[in-house]
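**Student:** sequence first, predicted model second:
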Amino acid sequence: MGKESILVVDDEEDILELVRFHLGREGYDVLCAETGEDAWRIVKEMPIDLLLLDLMLPGIDGLELTRRLKNDPKTAKIPVLMLSAKGEEVDVVTGLEMGADDYVTKPFSPRVLLARVRAVFRRRTVPIIPDDEMIHIHGLMIDRGRRSLYIDNQPVDLTYTEFQVLALLAARPGWVFTRTQIVDAVRGVDYPVTDRSVDVQIVGLRKKLGDYGHLIETVRGVGYRFKERP
């Protein structure tokens, strides 16, 4: 087992101690924070390989902290595994849409949590979308380093997942990606959402692309592709 560093953020002391014990026994370096403000300070000051993050925190809550992490190029690549007593489908979807890599509901089994942690680290070892160049195509400028989209030089706001899907498709125009391939590429293997959730992302993405929405084509029975020509 490597010495990956994990920051656990929760305002319940019992949860912190439980998670710290089991992660430490597996060989991870574990840091703890009880507020979103403390967590934000820590990730800015030292290298963190994974955040285990409660949603319901005093001050900066888990969703806001995730948004900050994913919007800052220096912290955007830190995986986030959310821990929350809010287990309704809408809560899970909201967390994942904000950029979380996984979502575990409380109460949870330590064994399940450890398995999810190991899965996040396995996914991290396979780089999917390089961040060292921009894509210019059909009036769109996709800046992968800054996670920004410009249409006819005007900025367009995308969710984390929408941007990942667009960058993946636009990087290889004409190439057909299955729904499963998109899920695996955007989130890595074992992403705990069905491939049909890709359809929801595509619908939202086409709306935000406006007159350029037609560039994302549906390949019936297979998946999606980005047009080679407008």
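**Tutor:** Looks like it arrived, so ask away.

**Student:** from now on I want contacts and neighbour counts done on CA atoms only, so please keep to that.
**Tutor:** Fine.

**Student:** all helices for this protein, in order.
**Tutor:** 13-25, 36-45, 62-71, 89-97, 110-124, 160-171, 179-187, 197-209 (DSSP state H).

**Student:** please identify which of the ones you listed is closest to residue 141.
**Tutor:** helix 160-171 (10.1 Å; C-alpha to C-alpha).

**Student:** residue ranges with poor pLDDT in this protein?
**Tutor:** 1-2, 87-89, 123-132, 187-196, 230 (pLDDT under 70).

**Student:** domains in it, as residue ranges please.
**Tutor:** As given by automatic domain parsing, the domain ranges for the chain are 5-124, 134-226.

**Student:** nearest to residue 143, out of the helices of the chain?
**Tutor:** Per C-alpha to C-alpha, nearest to residue 143 of the helices of the chain: helix 160-171, 8.8 Å.

**Student:** tell me the contacts of the residue nearest the centre of the chain?
**Tutor:** Nearest residue to the geometric centre of the chain (C-alpha atoms, centre = their mean): residue 99, 3.1 Å. By C-alpha atoms under 8 Å, 6 or more residues apart in numbering, the contact set of residue 99 is 66-67, 70, 80, 159-161.

**Student:** ditto for residue 86
**Tutor:** Residue 86 is in contact with 92, 105-106, counting by C-alpha under 8 Å, 6+ apart.

**Student:** which of those residues ranks first by neighbour count?
**Tutor:** residue 92 (19 neighbours; other C-alpha atoms under 10 Å).

**Student:** contact partners for that residue?
**Tutor:** 86, 103.

**Student:** now do the one 3 residues further on
**Tutor:** For residue 95, the contact set (C-alpha under 8 Å, 6+ apart) comprises 63, 82, 103.

**Student:** with these in mind, which one is nearest to residue 206?
**Tutor:** Nearest to residue 206 among the contacts of residue 95, counting by C-alpha to C-alpha, is residue 63 at 24.8 Å.

**Student:** how far away is that closest one from residue 46?
**Tutor:** Between residue 63 and residue 46 the computed distance is 21 Å (C-alpha to C-alpha, to the nearest Å).

**Student:** and those two? which has more neighbours close in?
**Tutor:** Legend: neighbour count by other C-alpha under 10 Å for residue 63 and residue 46, higher for residue 63 (23 against 9).

**Student:** which residue, neighbours along the chain excluded, lies closest to that one?
**Tutor:** residue 55 (6.2 Å; C-alpha to C-alpha, 6 or more residues apart in numbering).

**Student:** how much space between the one you found and residue 75?
**Tutor:** 18 Å.

**Student:** and the residue nearest to residue 63, how many neighbours?
**Tutor:** Neighbours of residue 55 (other C-alpha under 10 Å): 24.

**Student:** try residue 110
**Tutor:** Residue crowding around residue 110 was assessed by other C-alpha under 10 Å; the count is 14.

**Student:** the closest residue to residue 113 other than its chain neighbours and residue 45, how far apart?
**Tutor:** Using C-alpha to C-alpha, 6+ apart and skipping residues adjacent in sequence, the residue nearest residue 113 is residue 104, 7.3 Å away. Residue 104 sits 27 Å away from residue 45, going by C-alpha to C-alpha.

**Student:** related to what we said a few turns ago, which residues does the residue nearest to residue 63 contact?
**Tutor:** 61-63, 82-84.

**Student:** of those, which is the nearest to residue 221?
**Tutor:** After measuring the contacts of residue 55 against residue 221 - C-alpha to C-alpha - the closest member comes out as residue 82, at 33.2 Å.
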